[in-house]
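> Based on what follows, work out the 3D shape:
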Amino acid sequence: MVGLDDDPDLDTVEIEEGESLEDIKAKLKPKKAAISPEMLDTANSYDDKVAIIRMIVGEESGRVANVFKSMMNADREPS
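Prediction:
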C-alpha cells in the first residue's frame, strides 16, 4: 500500500502484485462529476441553461441522440 502523505487531497492507492502501470494510472484518474437535473432548475439565466445542456451533450451525446430519435419517432406515428 502506497500512502501519499505530502498531499492530503489524494487517497491511498493499493497496488496489487502483477498490476500494470496503466491499471494504476486508471485508479488515480479523477472521476467525472455527474450533471444532475437539478442544475437546470437552479440555472438562473438562459445562458446558464444552455451551458448546462452543452455539458450534458458533450458527456452523453449518444444518449441525447437517442432521446431526440424517440421524440421524432413519436411525432411521426399516428395516435
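
> how deep is residue 49 tucked in, by neighbour count?
By the measure other C-beta atoms under 10 Å, the count of residues near residue 49 is 15. C-beta here means a position set from N, CA and C on the backbone, and glycine is covered the same way.

> wait, isn't it in contact with residue 43?
Yes. Here residue 49 reaches residue 43: they are 4.5 Å apart, a contact under C-beta atoms under 8 Å.

> so what's residue 79 scoring on pLDDT?
Residue 79 carries a pLDDT value of 62.

> whoops, I mixed them up, residue 19
pLDDT, residue 19: 82.

> Repeat that for the one 5 residues further on.
In the prediction, the pLDDT value recorded for residue 24 is 78.

> before we move on, what about the one 4 residues further on?
Residue 28 is assigned 79 on the pLDDT scale.

> Kindly report the same for residue 50.
91.

> cool, and residue 74?
Model confidence at residue 74, given as pLDDT, is 90.

> What helix or strand is it located in?
Element membership for residue 74 (DSSP states H and E) is helix 61-76.

> Run the chain-centre distance for that helix.
21 Å (C-alpha atoms, centre = their mean, to the nearest Å).

> now stretch 48-60
Taking the mean of its C-alpha atoms, stretch 48-60 sits 11 Å from the chain's own mean (C-alpha atoms, centre = their mean).

> buried sites along it?
52, 56 (16 or more other C-beta atoms under 10 Å).

> all helices for this structure, in order.
21-28, 38-42, 46-59, 61-76 (DSSP state H).

> For the ones you listed, please prepare a markdown table with the additional fields distance to residue 12.
Listed next are the helices of the chain as a markdown table, based on distance: least, C-beta to C-beta, whole Å:
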| stretch | distance to residue 12 |
| --- | --- |
| helix 21-28 | 11 |
| helix 38-42 | 31 |
| helix 46-59 | 28 |
| helix 61-76 | 34 |
